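In: model the following, please.
(one chain, ligands or ions: 1)
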Amino acid sequence: MKLTKLAFALCASVALPMAAHATDLEVTHWWTSGGEAAAVAEFAKAFDATGNKWVDGAIAGSGDVARPIIISRILGGNPMGATQLNPGKDADDLIAAGLMQDLTELATAEDWATILRPKSQMDSCTLDGKVYCVPVNLHSGQWMWTNRKVYEDAGIAPPQNWAEMIAAAPALKEKGIIPLSLAEGWPIGLLTEDLIVAIAGVDNYVAVYKDRNMEMARGPEFAAVFKAIDEARQIIDPKTVVPQWNDAVALVIQGKAAANVMGDWAGGEFAVAGMVAGKDYDCLPGLGVEPVLGTGGDVFYFPKSEDPEVTKAQLAMASMMVTKEVQVAFNLKKGSLPMRSDVDLSAANDCMKKGLEILDKGTKVFPNNSQMLDRDSLNQINDVMKEFFSDLSITPEAAQEQFAAIIEAAPK
Ligand code: GAL
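Out: Presented below is the predicted three-dimensional model:
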């Protein structure tokens, strides 16, 4: 009895000083699917190990739902301790209003500019020479995911590119299989962009989204893209369109659908389901047309706090997120590429290896949409494409013109 009390007293005396410095930080993000939750648990575990506490503030329903909540909370004076956003322009107004913690000192001390790659992600976190966010991963949106067994059972060789997937659609439909699963909202915009990249090519995608080349946006290369999107909407039965991206991926995992176009975060779902890349499913970068890699991803911002203990904990979190161990543990679960090249990737799966190979070559690596266009314009494009998918009377030519008009009006 006495011994137990002594042991307890000893533990308390060891634990107490740590507890005195422990800080709870609420962290907002939109990682609520199976793979995403598994990945975020790695961050939480590593942050708790610093003696602080990760208070999970997951917001269900994707980035489109979470972003306005996150931004209005910070603007409204009710900030969280840390928050996920995508690299790009989303936090520019918050930084300009002086609401975000400056991470420059930490970034310099840890030499993020050298250890983190590609440079585009640090550039996205840097405004007027100051660093305001920490990039945690590289996510590319241009992948097609296919269930091999579904094709093999139908006597069809698993497609290796978009055209083969389209060609296999009628036979699958006859068997009651959804040839291409799709989710509402931004995944339709993602499919559009992926087809722009696959059909018009990376350079022309950047020419339109970044350089606002209107002749290109209205020209024949993009007309070919809208023809391809038209083909896609012809094979997709609106009744099979599901609410969330991970529902659409789940249809492929369950063998109810044959293929889905989604970012590499879909890989996290296949991993949770215990499926093996290159054996049970294929992941085809650039929809199998040409291997490409968009430099999307996730970054964390830390709203400014008056409390020095909070600031200290925020810096501890930022530092933890780029450590070698955490980079490996998090990204293996997430399906994304680590920000560091000096990590042990022996456990990388087929898809991660494909991504790393493209990254290493560097030739077909290009900016993410949010690094080129403002969020409002991106949402408008999603809306136009949603209409196009749900109303077959809209011609590809009319949709192309609506799309071009949004690009033309977008702030530079
Ligand atoms: C993206 C984010 C990814 C993934 C995806 C779907 O915005 O960068 O990490 O979470 O949304 O939720």
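In: and stretch 368-384, end to end?
Out: 20 Å (Cα to Cα, to the nearest Å).
In: which helices and strands does the helix or strand where Lys386 lies pack with?
Out: In this structure, Lys386 is located in helix 375-390 according to DSSP states H and E. Secondary-structure packing of helix 375-390 (3 or more Cβ pairs under 8 Å, 6 or more residues apart in numbering; DSSP states H and E): helix 186-195, helix 220-235, helix 396-409. All C-beta spots, glycine's among them, are computed from the backbone N, C-alpha and C.
In: next, the angle helix 220-235 makes with that helix.
Out: 50 degrees (axes from the mean of the first three to the mean of the last three Cα atoms, to 10 degrees).
In: averaged pLDDT, helix 375-390. What do you get?
Out: Mean pLDDT, helix 375-390: 95.
In: now that helix: buried residues?
Out: Neighbour-count burial for helix 375-390, counted by 16 or more other Cβ atoms under 10 Å, picks out Arg375, Ser377, Leu378, Asn379, Gln380, Ile381, Asn382, Val384, Met385, Lys386, Phe388, Phe389.
In: go on, stretch 319-332?
Out: Result for stretch 319-332 [16+ other Cβ under 10 Å]: buried residues Ser319, Met320, Met321, Val322, Val326, Gln327, Val328, Ala329, Phe330, Asn331, Leu332.
In: just stretch 37-54 next, same as before
Out: Counting neighbours by 16+ other Cβ under 10 Å, one finds that the buried residues in stretch 37-54 are Ala38, Ala39, Val40, Ala41, Glu42, Phe43, Ala46, Phe47, Thr50, Gly51, Asn52, Trp54.
In: just send those back as CSV, with distance to Leu195 too.
Out: Below are the buried residues of stretch 37-54 laid out as CSV (distance: Cβ to Cβ, whole Å):
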residue, distance to Leu195
Ala38, 30
Ala39, 28
Val40, 30
Ala41, 34
Glu42, 33
Phe43, 33
Ala46, 38
Phe47, 39
Thr50, 44
Gly51, 48
Asn52, 44
Trp54, 38
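In: among the residues you listed, which are in helices?
Out: By the criterion of DSSP state H, membership of these in helices covers Ala38, Ala39, Val40, Ala41, Glu42, Phe43, Ala46, Phe47.
In: ramachandran coordinates for the residue of the stretch 251-400 of the chain at minimum distance from the ligand?
Out: Taking Cβ to the nearest ligand atom, the ligand has its nearest neighbour within the stretch 251-400 of the chain at Trp265, 4.1 Å off. Note on Trp265: backbone dihedrals following degrees, to the nearest 10 are phi -60, psi -20.
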